[in-house]
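Chemist: Predicted structure and sequence below. I'll ask about it afterward.
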Amino acid sequence: MIAAEYHFPRGFLWGTATAAHQVEGQNTNNTWAEWEALGHTRGRAGRACDWWAGRWKEDLDRATEGGQNAHRFSVEWSRIQPTPDQWDEEALDHYRRMARGMVERGLMPLVTLHHFTDPLWFAEHGGWEATDAPQRFARFVRKVVSALREYVSHWVTINEPNIYAALGYASGEFPPGLQDPRRAQRVLVGLLRAHAAAYHAIHEVQPEARVGYAWHYRPMQAARPRHPLDRLARRVQYNAFNMGFPTAIVTGVFRSPLGRVRLPEARGTQDFFGLNYYSADVIRFSWRRRHHLFAQRVHPPGSDLSPGGMIANRPEGLFRSLKWASQFGKPILITENGVEDEADGLRRRYLAQHLRATWQAINFNIPVKGYFHWTLVDNFEWERGWEQRFGLWALDTTSQKRSKRPSADFYAEICRANALTSEMVERYCPEAFADVFPAGDLPARIDSPSV
Ligand code: BGC
């Protein structure tokens with residue numbers, strides 16, 4: 001057997017990513033708590049991973065013991081500012097203790113300031129469509145950054161603005177459950193303004209800060225490459241979903257089929273590019289999908305699918321995504337990547353194959369500085385509730401008992417070695433060996449137009 005190693009650069013960040021509402025439990029004052037109470041989710045967050053009651057400590061011990069050196073987490077706005085004129089200093093202290101706890105454990109904290117949940121008062125006030133939303137957000141951001149700056153210098157302003165707008169305002173799976181593409185565009189513009197306001201606010205409070213946002217990018221191809229409607233649907237979907245927001249951050253102009261908005265304050269507001277990558281899409285035109293811009297997303301026949309069929313294992317899509325992200329000329333952090341897989345039958349090869357794609361990108365001089373696996377412990381997966389299990393560790397929600405999946409050991413070996421080796425792949429996912437350590441011609445594989 002060949003013995004080979006893919007080494008990562010010195011100082012590479014290895015971590016996992018989490019989000020407040022998905023792990024904390026006992027959140028009652030935000031839009032998701034309300035959405036769950038209305039019965040729109042498969043189960044409710046409940047105690048989640050019980051982090052609010054203190055279990056973040058034992059889970060972060062697991063991260064450190066697992067060789068990680070960074071952790072991405074989010075703060076819950078509705079706890080810190082329960083009403084427009086009230087700050088909860090106790091809640092801020094909680095997050096300070098968490099950030100300090102990370103530093104003490106050798107985990108560099110990367111803090112997300114908004115991850116899908118809004119305080120109820122903010123939503124009642126018009127959410128991100130309200131003209132003063134960016135100022136409100138910036139006020140909150142100033143408060144958090146002032147409180148945590150001793151321990152935190154890397155910030156993600158907003159997680160996946162495109163998913164937030166598309167699922168909340170176009171497809172209706174997220175609160176407020178609307179199907180109105182026009183409003184989805186307005187929300188995206190509101191989020192852009194809020195990101196820009198937050199970027200400037202953070203740099204005022206902490207000039208040395210590094211600030212970005214986490215973008216859910218999806219490579220897309222037309223199902224029938226010569227079919228004009230599939231090509232059109234793909235192009236419209238691609239531009240609307242992937243391009244509008246990141247382009248506006250560069251140019252200060254947001255373009256969509258519904259018009260053009262000038263946002264000079266957004267120009268140049270990123271110090272790193274945060275990439276969330278899960279899978280790639282094949283797009284087919286469908287008259288029935290009006291709220292999705294006539295696009296039907298399908299997986300190619302024969303795809304290596306996650307148990308629920310949501311994620312196709314498409315590591316070449318990560319390479320493409322990194323190449324795409326490199327056009328913005330900033331260091332790149334893979335802020336999320338992972339797969340739902342309760343039995344852990346797919347996760348190990350998904351991990352090995354995606355890390356190989358990451359290594360390839362680095363060797364093509366794409367500046368990838370870190371990788372945050374989604375996620376550490378099974379958590380509350382939004383509208384899918386507890387049906388999907390993304391954790392390196394499994395969670396029994398009744399007993400709060402954690403059990404280690406084999407992937408946790410695999411990831412720990414990778415993090416400790418700062419490398420993925422053929423020997424590890426042979427032990428953890430031999431079925432992927434030929435793909436991860438191919439004997440053939442590397443450049444030919446990379447250039448294959450499969451995405
Ligand atoms: C979100 C996470 C979510 C993950 C898996 C991402 O879109 O940022 O919050 O849990 O996907 O569903």
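Modeler: Nice, thanks for sending it over.

Chemist: residues in the stretch 51-200 of the chain within reach of the ligand, list them.
Modeler: The interface of the stretch 51-200 of the chain toward the ligand, taken as Cβ under 6 Å from any ligand atom, is made up of N159, E160, I163. Just so you know, the C-beta spots here come from the backbone N, C-alpha and C atoms, and that holds for glycine as well.

Chemist: Just the helices from the stretch 1-150 of the chain, written as ranges.
Modeler: Using DSSP state H, counting those that start in this stretch, the helices assigned to the stretch 1-150 of the chain run over residues 20-23, 31-37, 56-65, 77-80, 89-104, 120-124, 133-148.

Chemist: What segments of the stretch 351-451 of the chain are strands?
Modeler: Secondary structure of the stretch 351-451 of the chain by DSSP state E, counting those that start in this stretch: the strands cover 368-373, 393-395, 402-404, 419-421.

Chemist: Need the winner for burial among the ones you listed.
Modeler: Ranked by mean neighbour count, the strands of the stretch 351-451 of the chain are led by strand 368-373 with a mean of 24 (mean count of other Cβ atoms under 10 Å).

Chemist: For the ligand, find the nearest of the strands of the stretch 351-451 of the chain.
Modeler: Proximity to the ligand (Cβ to the nearest ligand atom) singles out strand 368-373 among the strands of the stretch 351-451 of the chain, at 10.8 Å.

Chemist: CSV for the helices of the stretch 1-150 of the chain, including mean pLDDT and mean neighbour count?
Modeler: Putting those into CSV (pLDDT from 0 to 100; neighbours: other Cβ atoms under 10 Å) gives the following:
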stretch, mean pLDDT, mean neighbour count
helix 20-23, 99, 25
helix 31-37, 98, 19
helix 56-65, 98, 18
helix 77-80, 98, 24
helix 89-104, 98, 17
helix 120-124, 98, 17
helix 133-148, 98, 20
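
Chemist: how about those helices in a markdown table, adding distance to R267?
Modeler: Below are the helices of the stretch 1-150 of the chain laid out as a markdown table (distance: least, Cβ to Cβ, whole Å):
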| stretch | distance to R267 |
| --- | --- |
| helix 20-23 | 30 |
| helix 31-37 | 30 |
| helix 56-65 | 36 |
| helix 77-80 | 26 |
| helix 89-104 | 30 |
| helix 120-124 | 26 |
| helix 133-148 | 15 |
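
Chemist: and the strands of the stretch 351-451 of the chain as a markdown table, adding mean pLDDT?
Modeler: As requested, these are exported to a markdown table (pLDDT from 0 to 100):
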| stretch | mean pLDDT |
| --- | --- |
| strand 368-373 | 99 |
| strand 393-395 | 99 |
| strand 402-404 | 98 |
| strand 419-421 | 98 |
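
Chemist: Make a markdown table out of those strands and add distance to L263.
Modeler: Formatted as a markdown table, the strands of the stretch 351-451 of the chain follow (distance: least, Cβ to Cβ, whole Å):
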| stretch | distance to L263 |
| --- | --- |
| strand 368-373 | 27 |
| strand 393-395 | 41 |
| strand 402-404 | 44 |
| strand 419-421 | 41 |
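
Chemist: Distance to the ligand added to those, as a markdown table?
Modeler: Output for the strands of the stretch 351-451 of the chain, formatted as a markdown table (distance: least, Cβ to the nearest ligand atom, whole Å):
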| stretch | distance to the ligand |
| --- | --- |
| strand 368-373 | 11 |
| strand 393-395 | 14 |
| strand 402-404 | 18 |
| strand 419-421 | 23 |
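
Chemist: Please name whichever of those is nearest to G317.
Modeler: In terms of Cβ to Cβ, the element of those nearest to G317 is strand 368-373, at 14.9 Å.
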